[in-house]
Every structure is written in C-alpha cells, then in structure tokens.
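> Predicted model and sequence below, questions to follow.
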Amino acid sequence: MTWFLVALGAALGAPARYLTDRAVQRRRGSAFPLGTLVVNVAGSLVFGVLVGSADSGGASVDLVLLAGTGFCGAFTTYSAFAFETFRLAEDGRTVAAGVNALGSVLPGLAAAAAGVVLGTHLFA
C-alpha cells in the first residue's frame, strides 16, 4: 500500500508542478526561472506543515506518504533548479544564477521550517 500512496501522490504532483511552473512563467515573461522557485518554496512549506503535523499527531503516516513523499516529492524539483541555475551561469548571467541559487535554497529552508512550526501548532 505504501508504494501506491507515493505513486498516487507523485501522479498528481508532477502535473501540478508543470502547470504551476508554466502559469508563473507565462505571467512573468522572463528568462529567470521564477516558476521553479515558486514550486520549490511552496512544496517545502507544504511538506514542512505535513511533518510538523505528523510530529504532533495530526497527520497520519499515510497522509505524509501520499501528500509529502508522493505529491511534494514530484511537485518540487531539484533537477530543474540545478539545470536552470547552470544554464543562467553558462549564458553569462552569473548574478542571476547566484540569485537563483540563494533565492531558492534559503527561502526553501525558511518555508520548510515555517511549515514545521505551523503544522506543529495547528495540530497540537
């Protein structure tokens, strides 16, 4: 049953990532990969809420597998982040590459931490 929950979540998370990324990029109209930043920070927040909730007894293991490991795992994307950062640097846009690297990692960590606190307090 574990693998099914993860697969089901991933089947929903991957298209959600693609659609969110495209919607953000279409509105933004820039070569800067803002769509990937948005999905990674949002996914970090959601995963943090799930972990905080699970730690305080609010979320079941099955929900963490489905929504956390499956959905958030497929929704967020380290490979696209790494590729887009590399591409910016390769194109000579080193400042944009640095902004993308720091602007993805630090907010992602902050969102995950905020999510854990929020999840812990919401379901305590």
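Sure thing, it's come through.
> SS state for the residue of the chain most remote from its centre?
Among the C-alpha atoms of the chain, the one most distant from their mean position (CA atoms, centre = their mean) is that of Gly92, at 26.7 Å. At Gly92 the chain is in coil, as set by DSSP: H, G, I helix; E, B strand; the rest coil.
> Where does pLDDT dip in this protein?
124 (pLDDT under 70).
> Going by residue numbers, what spans are helices in it?
2-28, 34-55, 61-63, 73-75, 78-90, 94-122 (DSSP state H).
> residues touching the residue lying closest to Leu12 once chain neighbours are set aside, list them.
For Leu12, the nearest residue in space outside its immediate sequence neighbours is Phe71; the separation is 5.6 Å by CB to CB, 6 or more residues apart in numbering. In short, each C-beta sits where N, CA and C put it, glycine included. Neighbour list for Phe71: Gly9, Ala10, Leu12, Gly13, Ala16, Val46 [criterion: CB atoms under 8 Å, 6 or more residues apart in numbering].
> Distance of Phe71 relative to Arg26?
If you measure Phe71 against Arg26 using CB to CB, to the nearest Å, the figure is 23 Å.
> thinking again about what came up before, widest-spaced pair of the contacts of Phe71?
Taking CB to CB as the measure, these span a maximum distance of 14.2 Å, between Ala10 and Val46.
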